[in-house]
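Chemist: Output the structure for:
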Amino acid sequence: MEWHNEQEKRRFIRTEFPYTVVVTCQGKDPISTYTENISAVGVKVTTRQQFEVTALVDLEIYVSQDPIKCRGKVIWSTARESTCLEDTLVFDSGIEFCDIREKDKFFINQCVEQVLRVKPPVDPDES
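Modeler: The predicted structure is shown next:
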């Protein structure tokens, strides 16, 4: 099942929380950014570089001191005007985890649940 599938949206709650994430696309320099939102099946990031849809990327997600290292597939990517940098395009990208250990998926889910105790969940139709 793909991350953006309606059934997945209902099964995997995601939250907005700015975890540091390093995204590395083959043959390119790593990009350090923050998660826009995260769930046990994927992450949304914003970068100044656009990723090709279907590209495989390596991820290091810092939900704790030691990063979760996994591989993801870019499912979608859209350009928009930056809200912080005048006259600058940024790219929102949805990355589905495709090679992640079950224990890491479980840990991310625990982190999401912990954040949700303080903040309400993200509406899947708004992301």
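
Chemist: starting at the chain centroid, how far to stretch 21-31?
Modeler: 14 Å (Cα atoms, centre = their mean, to the nearest Å).

Chemist: no wait, stretch 94-108
Modeler: Using Cα atoms, centre = their mean, the offset of stretch 94-108 from its chain centre is 10 Å.

Chemist: secondary structure class for residue 61?
Modeler: At residue 61 the chain is in strand, as set by DSSP: H, G, I helix; E, B strand; the rest coil.

Chemist: Repeat that for residue 103.
Modeler: Strictly by three-state DSSP, residue 103 counts as helix.

Chemist: Begin at 58, not 1, for the rest of this chat.
Modeler: With 58 as the first residue, the last one maps to residue 160.

Chemist: any idea how far it lies from residue 83?
Modeler: 26 Å (Cβ to Cβ, to the nearest Å). The way it works is simple: take the backbone N, C-alpha and C, and place the C-beta from them, glycine included.

Chemist: swap in residue 171?
Modeler: From residue 171 over to residue 83 the distance is 33 Å, taken as Cβ to Cβ.

Chemist: more crowded one of these two?
Modeler: Comparing residue 171 with residue 83 by other Cβ atoms under 10 Å, the one with more neighbours is residue 171, at 12 against 8.

Chemist: Validate this expectation: the more buried one resides in a strand.
Modeler: No - under three-state DSSP, residue 171 falls outside any strand and is assigned helix.
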